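In: need a structure here:
(2 chains)
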Amino acid sequence: MAEFRMPSLGADMEAGTVIQWLIKPGDAVKRGDIIAVVDTEKADIEVEVFEAGVIESIVVPEGRKVPVGEVLALLQTEGAPVARAQPQVTAPPKIAPPAPSPPPSPRVEMPPRVEMPPRVEMPPKKPSIPAAHRPRVSPLAMRVALDLGMNLSTVKGTGPDGAITKADVERAAKVAAAPPAVTPPAPPAPAVEATKLARTARPAAGLEERQAAMRRVIASAMARSKREVPHYYLGTHIDMSRAMTWLQTENLKRPVTERLLYSVLLLKAVAMAIHQFPEMNGFWSDGAFKPSIAVHLGVAISLRGGGLIAPALHDVDKKTLSEIMANLRDLVNRVRAGVLRSSEIADATITVTSLGEQGVETVYGVIYAPQVALIGFGNLAERPWAANGMVGARPVIAATLSADHRVSDGHRGGRFLATLDRLLQEPEKL
Amino acid sequence: MTAATQTMRITYREAIRQAIREALQRDPRVFVMGEDVGRYGGCYAVTKGLLQEFGPERIRDTPLSESAFVGAGIGAALGGMRPIVEIMTVNFSLLALDQIVNNAATILHMSGGQFNIPIVIRMTTGAGRQLAAQHSHSFDGWYAHIPGLKVLTPATLEDARGMLWTALEDPDPVLIFEHGTLYNVEGDLAADAGAVNIGQAAIRRPGKDVSLITYGGTLGKSLQAAEQLAADKIDAEVVDLRTLRPLDTGTILDSVARTHRAVIIDEGWRSGSISAEISARIMEGAFYELDLPVARLCSAEVPMPYAKHMEEAALPQVATIVETVRRMMGGNG
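Out: Presented below is the predicted three-dimensional model:
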């Protein structure tokens, strides 16, 4: 038996509200399945389960707010005996009937669940949540969506019984083709400045109230970071002429749907630089630095209705530019549809923020603790650039590093930026 | 006008007669036998006049016993002849099923490859002529189940004219199914029309939105439906299978890969039909090309009714094809 608990979807999260269960008792789940939607005051997050098994029962009903760590549901894991040492419990999972008094079945024996409601009647599912579970998709539409890096939960189906067809995917792709501005948090904020927008269908909390709640969350995270984290800041200008020339040539070879944004080069270069500077990647916790082997870049994405959110792009160092581009596009689409996964909210090991679209030249970011570094990019613009005794106009971008002085120092930080610069001079190797 | 472009006005029936006549002229081993093929000129008048032209040795009337004369045909084929056996309708061929399935289809195998059976068996198939439940069925797909047989379903004048000779040249048993509603179909055929390939499907109308996969008596209906759909800006491709065994899976899958949607129109009953086989092959070979589930239009699973309106209602019709495709495409229009 495993317990599925309210996850911590960010260091600052203390409690969450179960908005929707996507499973019911008796359902089989496997690792990575999205089983619930949780409201964290910042966003509605799709929460994944990390063990395979069969849902035994739902402990916390929809609509209830509980602290992080609270048991939300019980799971019969594979291989584990159903009830410890109890005589064979062969009964189907729904044996406990609506009896108000403990039923005499062996099931009652199971310890930590006295407060559990005897029967969990699933309320009708709210169809307003974009289907995260088995939408009807034609095999062709599925394939095209994969090719285009489209997330199908954002696609409206017009086929038989609402099935998603190829035409639906292509239509949605056209809409999403507007460049996913990788504009990060305006204030040197941490990653997440989530705003409700796609969720207007859900009247849960008033918009104002939600924004106020979000503001409080940001305030507490930023205050904590500035109070506890001894920041140091370094900046450099990077000549992007090679990178941009290469990108232009590369994009000419690609179909429109597969073209790359320069942000992808920046992301990949950061991820590659981190390989040589592991002290920039990980978390400060319990008085010590815990480096992360995986490189998950928190990337800020602007929302159409205003506000920002910075979910993680996973394993950027291991992905090709095309894959990063597809993931980024997918992430943008899902952020805008309000459908994120818990791993994306909680996993970022370092944050990348770029305010280029706003015309800002330099970003001095506040680290999103417990992360230990944040990379900022300003706008990419033509600037006078002296080389070989000549001044010419070149595309230049300002890169900054905000790092935790408890973990690294300025010498290493400087070399990190130099490495980033060097990587961007060889874009073909990214 | 060159010889190659000269055409003649001809019916499906005459096209088959020409093919038989040519075969009789070209190869002295060829002869025709069946019920009423001689004096009466054939139940559907296909062999009319051939008795006078070729004599009773080569145009042979038989007793009313399908099992006997199909068996005699198999024996003649074993003996080096090239018999064309006519069975009045596919329903009656069931009387000869033992000869066809247990002998014609197996002797090559049972003899360790020593004896081929170069027989051609022609028969009328299908409904639409108010001949009721014992003369109207489509068992073409049944025969396509049997290894050792080839099953041809000529639906055009070219194929009516050209498949017979190719079938006669084949060393193994070939069944030719002539849909009863086609005999009077008239059209232009090249004056020099001759043998055509068998075993390959043909795209009778190219299109990009949906594949109408059909054969025999429903090809014409499918082409008409495609024209009506064109008015709705739905561009239907029409695939004529031509041969049900061996089935030209490649052409089917290529077409589905272009259109991503398939409707199979088959006058047979749906359960366990050739349309089921085609649908399965599409699923096996083109699953990731499919944008909609494969649709099938087959005959109602009843003995074919006699009453005209009921017979029409039991069969796939132009209107039902059009309606089915429109419904499929509805969401994408």
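In: use CA for all of it now, contacts and neighbours both
Out: OK.
In: By proximity to chain A, which residue of the stretch 1-150 of chain B wins?
Out: Chain A sits closest to B:Gly141 of the stretch 1-150 of chain B, with a gap of 28.3 Å, by Cα to the nearest Cα.
In: I figured that residue hits B:Ser273, correct?
Out: Yes: contact between B:Gly141 and B:Ser273 holds when scored by Cα atoms under 8 Å: they sit 6.0 Å apart.
In: Show me what counts as buried in the helix or strand that contains the residue of the stretch 1-150 of chain B closest to chain A.
Out: Secondary structure from DSSP states H and E places B:Gly141 in helix B:140-143. Neighbour-count burial for helix B:140-143 flags B:Asp140, B:Gly141, B:Tyr143 (criterion: 16 or more other Cα atoms under 10 Å in any protein chain shown).
In: Looks like the first one contacts B:Val151 (just checking).
Out: Translated: B:Asp140. Yes: between B:Asp140 and B:Val151 there is a contact under Cα under 8 Å: 7.3 Å.
In: overlap in contacts of these two?
Out: Here B:Asp140 and B:Val151 have B:Phe177, B:Leu244 as joint contacts, going by Cα atoms under 8 Å, 6 or more residues apart in numbering or on different chains.
In: tell me which element the residue nearest the centre of chain A falls in.
Out: In chain A, the centroid-proximal residue (Cα atoms, centre = their mean) is A:Glu344; its distance is 2.3 Å. A:Glu344 belongs to helix A:342-346 when assigned by DSSP H and E.
In: ok, residues contacting that helix?
Out: A:8-11, A:45-48, A:310-314.
In: so how far is that helix from its chain's centroid?
Out: 4 Å (Cα atoms, centre = their mean, to the nearest Å).
In: Okay, buried residues for it please.
Out: Quick answer for helix A:342-346 (16+ other Cα under 10 Å): A:Ser342, A:Ser343, A:Glu344, A:Ile345, A:Ala346.
In: pLDDT score assigned to the first one?
Out: Meaning A:Ser342. We have a pLDDT of 73 for A:Ser342.
In: Does the closest residue to it other than its chain neighbours belong to a helix, a strand or coil?
Out: Nearest non-adjacent residue to A:Ser342, counting by Cα to Cα, 6 or more residues apart in numbering or on different chains: A:Val47, 4.8 Å away. State at A:Val47, reduced to three classes by DSSP: H, G, I helix; E, B strand; the rest coil: strand.
In: Break down the stretch 1-150 of chain B into its strands, ranges please.
Out: Taking DSSP state E, counting those that start in this stretch as the criterion, the stretch 1-150 of chain B carries its strands at B:7-11, B:30-34, B:59-61, B:82-89, B:120-125, B:150-152.
In: Please identify the most buried of these.
Out: strand B:150-152 (a mean of 27; mean count of other Cα atoms under 10 Å in any protein chain shown).
In: Quick one: residues in contact with it.
Out: Counting by Cα under 8 Å, 6+ apart, B:140, B:143-144, B:163, B:172-177, B:198, B:242-246 sit against strand B:150-152.
In: Write the ChimeraX selection for whichever of these are buried.
Out: The ChimeraX selection below is limited to those of the contacts of strand B:150-152 classed as buried (16+ other Cα under 10 Å):
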select /B:140,143,144,163,172,173,174,175,176,177,198,242,243,244,245,246
